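Quick check, what structure comes out for this input:
(one chain, ligands or ions: 1)
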Amino acid sequence: MSEPATGSAPPSRTTMPTARADALLAGVRGRLIVSCQAPPGDPLRSPAHIAAIAASVCAGAPVAGVRIQGVEDVEAVRAVVDLPLIGLWKDGADGVYITPTAGHARAIARAGADVVAVDATARPRPDGRPLAETVRAVHEAGKLFMADVSTLDEGLRAAALGADLISTTLSGYTADSPQSSGPDLELVRALAPRVRVPVCAEGRLRTPADARAALDAGAWAAVVGTAITAPAALATRFATALT
Ligand SMILES: CC(=O)N[C@H](C=O)[C@@H](O)[C@H](O)[C@H](O)COP(=O)(O)O
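This next block holds a predicted model:
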């Protein structure tokens, strides 16, 4: 791990007013957050399409918030969705690629996200700067910091740095985490009682029963992407079952 779990510096705190932060977190508690993203090359990968998907999901279902990738997509979704918006910027495909620097985080904050999701794994960051710098940048922008982690240690470190919420997003995608085809609810069970901030279950929640099980495991909210907003992946599951 490149930084200690705790240090002499106090944890960073957001400049978002406390009442607003509390209301935002309370509003997503026990509920569904939908990740609306399209992979590179997918015909749906455009801000207009992602905004339409997000607007459709939010108008037609009792969802609590959305998770959106990229500056232009965050801007486009912000214009049509009034729910809490978790923004991130995927830059690259290997190593730390989810909002990898403080500069990426500031851009996502400016685009209109309420919460900025950032890779908070123990892996080296592409610019060599400490994660604490990105936490501070998000907080100075008046936003909440969501730490995308893959292990218990990473979650504990993120909480010590001042993360406002933690998500299991990267379990299964790092060498340190279990490589499972399903969600990592063990991580939720291990982490949630050890930190004072909400822990979201995210990654490979494929069914409503998975989302329910995540909350039963102690998750604050369930974040679901592919199983709701990725038609090509969904069609593949059906087509494959017929071969
Ligand atoms: C690992 C990574 O880059 N995860 C990304 C984070 O934003 C997204 O590609 C996922 O779709 C999202 O986490 C939701 O997960 P799932 O699509 O499995 O429900």
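
longest helix anywhere in this protein?
Secondary structure of the chain read by DSSP state H shows that its longest helix is helix 47-60.

Which of the residues in that helix are classified as buried?
Buried residues in helix 47-60, defined by neighbour count with 16 or more other CB atoms under 10 Å: 47, 49-55, 57-58. C-beta here means a position set from N, CA and C on the backbone, and glycine is covered the same way.

swap in stretch 135-146?
Buried positions in stretch 135-146, judged by neighbour count with 16+ other CB under 10 Å: 135-139, 141, 143-146.

Next: stretch 30-45.
Neighbour-count burial for stretch 30-45, counted by 16+ other CB under 10 Å, picks out 32-38, 44.

now it, how far from the chain's geometric center?
Remark: stretch 30-45 is offset 12 Å from the chain centroid, using CA atoms, centre = their mean, to the nearest Å.

Now do the end-to-end distance for that stretch.
One end of stretch 30-45 to the other measures 29 Å (CA to CA, to the nearest Å).

OK, contacts around the residue in the chain that the ligand sits nearest to?
Nearest to the ligand in the chain, going by CB to the nearest ligand atom, is G225, at a distance of 2.9 Å. G225 sits next to 34-37, 67, 202 when contact means CB atoms under 8 Å, 6 or more residues apart in numbering.

Swap in 10 Å and give it another go.
By CB atoms under 10 Å, 6 or more residues apart in numbering, the contact set of G225 is 33-37, 67, 69, 169, 202-205, 233.

isn't V71 right up against G103?
No: using CB atoms under 10 Å, V71 is not in contact with G103; the gap is 11.3 Å.

which residues do these two both contact?
W89.

ok, the two, which is more surrounded?
V71 (18 against 15; other CB atoms under 10 Å).

Phi, psi for that one please.
phi -60, psi -50 (degrees, to the nearest 10).

Can you tell me the closest non-neighbouring residue to it?
A111 (4.7 Å; CB to CB, 6 or more residues apart in numbering).

Might one say that that neighbour is in contact with E75?
Yes: assessed by CB under 10 Å, A111 is found in contact with E75 at 4.9 Å.

Could you list the residues of this protein in contact with the ligand?
35, 37, 67, 88, 169-170, 173, 202-205, 223-227 (CB under 6 Å from any ligand atom).

same thing but 8 Å
By CB under 8 Å from any ligand atom, the part of the chain that sits against the ligand consists of 35, 37, 39, 67, 69, 88, 90, 97-98, 117, 148, 167, 169-170, 172-173, 202-206, 223-228, 230.
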